[in-house]
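**Student:** Here is my input, please return the structure:
(one chain, ligands or ions: 1)
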Amino acid sequence: MNSKEKNYILSKYLIAAYAQLGVKYAFVSPGSRNTPLMLALSDQSEINVYNIIDERSSGYMALGIAKAHDKPALLITTSGTAVSNLFPSIVEAYMSSVPMIILTADRPKNLVGTGANQTINQYNIFNNYVKNFIDFSNIKKFTQEIIFNIAIDSYNHSMEENSGPIHINIPFNIPLYVDNRNKIKFKENKLSKLKSIQDAHNKFKIPNFTKYLRPIIICTDDKEKDIISIANQFNIPVLMECLGSRFLKKYDNIISSYEFILNHCKLDPDLIIRFGKKPISNTLNNFLDKNRDITYLITEKLFNDDAKNIIECQTSIFLEQFIKRKFKYNISWLNSLIIKQKKIKRYINNFFKTPRDHEGYIINKILSFFPLNSNLMIGNSSPIRDLDNFTFNSSSKINVFSNRGASGIDGIISTSMGLALKQKKHNFLILGDISFFYDVSALLSNMEISINLNIIILNNNGGHIFDRLEGLSSEKDYSKYWLTPVNLNIKDIAKTFHCKYLKLNYKTLAKADSSIFSNKGINLIEIKINSDQHHLENKAIDSGIKKQLI
Ligand SMILES: Cc1ncc(C[n+]2csc(CCOP(=O)(O)OP(=O)(O)O)c2C)c(N)n1
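**Tutor:** Numbers count the residues shown, from 1 in each chain. Next up is the predicted model:
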């Protein structure tokens, strides 16, 4: 086998193995060093391939589709800075436990450090943010069996327990292009035996939870639907974040207004059962810190969490055990929280009957237009906080996604484009203007990939999340160093990138309906918000709710 055949055969086996393992999507960016991998992708039909110019965007798209698909996508680049541009998306995938398989083409090892063109040290470049790194320089012989085993191990490892990214670096010698590929002989073997993904330990013991009087559940991004119904059966209130199943089914025991309750009332549970990652809400995080001793985290594997009491098992298996105890907590405890929740809901709904220049009003209005079974990607930082704070439990079947692993404002459009590839209709993204401008180059791919996505830009002109930091806005250089108004015309951007465009404010939104959305292509909806007015409205809501609760 000569070198060019070797490059191609190796690539072909690797891609064939991933296709057999169930990988359905590959995000690639052009280059010459990754040519053997591209040829292998081009010669198959099971994996859908998207060619994305910008590797930063490509990485986030792979993240997005994996969120929707629960399986890794392939992320393929050439050598050099192309590789380093994947870093933010890999950090987010690692921190939020999303599977991803990264194949980076490289120069042969002997060229690293010699001044060879487009050659950097790619060896374990993502170090702390990948679950595993494999360098093909270390493999002496490339048999089909060896390559298939690498594919199986990397796939399984990316999906096991805390899912995450796996990096495979593949040095290719020149020549890179090979023609007459149909004449090259292959063993067309099927993957012989798939090793099954390791089950989590699931050997755990539930402490005697029946001795407590005032239990609560805190559920963040764990979407296991039985959490609420089982909690309901046991009369346990569930503080349910917007990333959980808040919008999937109506249940009285779902408490979504926990920020207001914790800020204005004394809540003294004697047991907290936690599902999912740390909350979005700072107030809820402080509450958890104060209640560490009585909190039990249910998690398959502890990751990036300082919980004191941990029950290591899958949520569904924990619930199976939990439900075996025929027991009910005193309903008056649950009712006391339900009453508070109802008061807050009544107050906010009443307040929002009048159109308000407030993000909570705008988000609620937008959500009310969503068709059933919509996907919503929600941006950092005010949008997700306002979605969390001002929306209530409903059965509108909205599935909410976000990048909360590292809470970056980068890559949000790209992630939502990746998500939208899986679900053909009803895709929405709500984000701030700075996050929009940050990732506007994602729209370059509008012509390459055909998706339907409504992007709602909450434009408060410059990242006004920092107004919420006590005292900061009166700092002398506040506008200079914290605010970043871009002052570009979003309508012009829409035209440049072949998107539809609509401009609204809270008053025109009040008269709108679902016809503002489009079911074809990318639709930019800009909603102007006055941040000073938002803060005034916010204060009014807070003091109004306080009066209701005391
Ligand atoms: C990549 C990255 N850079 C900087 C930040 C810090 N940061 C958090 S929110 C924010 C401003 C966001 O502005 P915008 O998208 O308009 O949303 P909003 O102000 O409404 O929260 C910045 C710069 C971050 N989270 N991620």
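**Student:** Pull up the residues of the stretch 451-550 of the chain that are close to the ligand.
**Tutor:** Counting by CB under 6 Å from any ligand atom, the stretch 451-550 of the chain comes close to the ligand at 458, 460, 463-465. Glycine gets a C-beta too; all of them are placed from N, C-alpha and C.
**Student:** how about these in TSV, adding neighbour count and pLDDT?
**Tutor:** Below are those laid out as TSV (neighbours: other CB atoms under 10 Å; pLDDT from 0 to 100):
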residue	neighbour count	pLDDT
458	25	98
460	25	94
463	22	86
464	24	86
465	18	87
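**Student:** quick one: which of these is nearest residue 410?
**Tutor:** Nearest to residue 410 among those, counting by CB to CB, is residue 463 at 13.0 Å.
**Student:** Skipping adjacent residues, who's closest to the closest one in space?
**Tutor:** residue 434 (4.2 Å; CB to CB, 6 or more residues apart in numbering).
**Student:** Where do the strands of the stretch 151-300 of the chain begin and end?
**Tutor:** 165-171, 215-219, 238-240, 254-255, 271-275, 295-299 (DSSP state E, counting those that start in this stretch).
**Student:** Who does the first one pair with, and is each partner parallel or antiparallel?
**Tutor:** With DSSP bridges as the test, strand 165-171 is paired with strand 100-106 (parallel), strand 132-135 (parallel).
**Student:** Out of the ones you listed, flag the one nearest the ligand.
**Tutor:** Among the strands paired with strand 165-171, the nearest to the ligand by CB to the nearest ligand atom is strand 100-106 (18.6 Å).
**Student:** Now do the nearest residue to residue 464 once chain neighbours are set aside, the pLDDT please.
**Tutor:** Computed as CB to CB, 6+ apart, the closest residue to residue 464 that is not its neighbour in sequence is residue 531, at 3.9 Å. Predicted confidence (pLDDT) for residue 531: 93.
**Student:** same question, residue 203
**Tutor:** Residue 203 is given a pLDDT of 71.
**Student:** try residue 138
**Tutor:** If you check residue 138, the pLDDT there is 88.
**Student:** so which of the strands of the stretch 151-300 of the chain is the most packed in?
**Tutor:** For the strands of the stretch 151-300 of the chain, the largest average neighbour count (mean count of other CB atoms under 10 Å) is found in strand 238-240, namely a mean of 29.
**Student:** other SSEs contacting that one?
**Tutor:** Strand 238-240 sits against strand 215-219, helix 226-233, strand 254-255, with contacts defined as 3 or more CB pairs under 8 Å, 6 or more residues apart in numbering; DSSP states H and E.
**Student:** In CSV: these, plus mean pLDDT and distance to the ligand.
**Tutor:** Shown next, in CSV, are the helices and strands packed on strand 238-240 (pLDDT from 0 to 100; distance: least, CB to the nearest ligand atom, whole Å):
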stretch, mean pLDDT, distance to the ligand
strand 215-219, 98, 24
helix 226-233, 96, 29
strand 254-255, 98, 25
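**Student:** will you turn these into JSON lines that also has distance to residue 156?
**Tutor:** Putting the helices and strands packed on strand 238-240 into JSON lines (distance: least, CB to CB, whole Å) gives the following:
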{"stretch": "strand 215-219", "distance to residue 156": "28"}
{"stretch": "helix 226-233", "distance to residue 156": "26"}
{"stretch": "strand 254-255", "distance to residue 156": "35"}
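**Student:** Out of those, flag the one nearest residue 181.
**Tutor:** helix 226-233 (50.3 Å).
**Student:** how much does that closest one deviate in direction from strand 295-299?
**Tutor:** Interaxial angle, helix 226-233 versus strand 295-299 (axes from the mean of the first three to the mean of the last three CA atoms, to 10 degrees): 140 degrees.
**Student:** Show me what helix 226-233 is in contact with.
**Tutor:** For helix 226-233, the surrounding residues in contact (CB atoms under 8 Å, 6 or more residues apart in numbering) are 217, 219, 237-238, 240, 244-245, 249, 251-254, 275, 315-316, 319, 322-323, 328.
**Student:** give me the element the residue nearest to residue 463 is part of.
**Tutor:** Assigning secondary structure by DSSP states H and E places residue 434 in helix 433-438.
**Student:** who's in contact with the next helix or strand after that helix?
**Tutor:** Next along the chain after helix 433-438, taking DSSP H and E as the criterion, comes strand 453-459. Strand 453-459 is contacted by residues 359, 362, 366, 382-383, 413, 416-417, 420, 427-433, 436, 490, 499, 517-518, 521-529 when judged by CB under 8 Å, 6+ apart.
**Student:** Pairing partners for strand 453-459, with directions?
**Tutor:** Applying DSSP bridges, one finds strand 453-459 paired with strand 427-432 (parallel), strand 522-528 (parallel).
**Student:** right, so those strands: which one is the most enclosed?
**Tutor:** Most buried of those by mean neighbour count (mean count of other CB under 10 Å) is strand 427-432; its value is a mean of 26.
**Student:** Quickly check: that strand near the ligand or not.
**Tutor:** Yes. Strand 427-432 lies within reach of the ligand by CB under 6 Å from any ligand atom, at 431-432.
**Student:** and that strand, average pLDDT?
**Tutor:** 98.
**Student:** so how far is it off the chain centroid?
**Tutor:** Averaging C-alpha positions (CA atoms, centre = their mean, to the nearest Å) puts strand 427-432 13 Å from its chain's average.
**Student:** One more: stretch 511-521?
**Tutor:** 25 Å.
**Student:** From the opening residue of that stretch to its closing one, how far?
**Tutor:** 24 Å (CA to CA, to the nearest Å).
**Student:** got the contact list for stretch 70-77?
**Tutor:** Under CB under 8 Å, 6+ apart, the answer for stretch 70-77 is 15, 18, 22-29, 31, 34, 37-38, 41, 47, 55, 58-59, 61-62, 65-66, 83, 85-86, 89, 99-105, 155, 158-159, 163, 166, 418.
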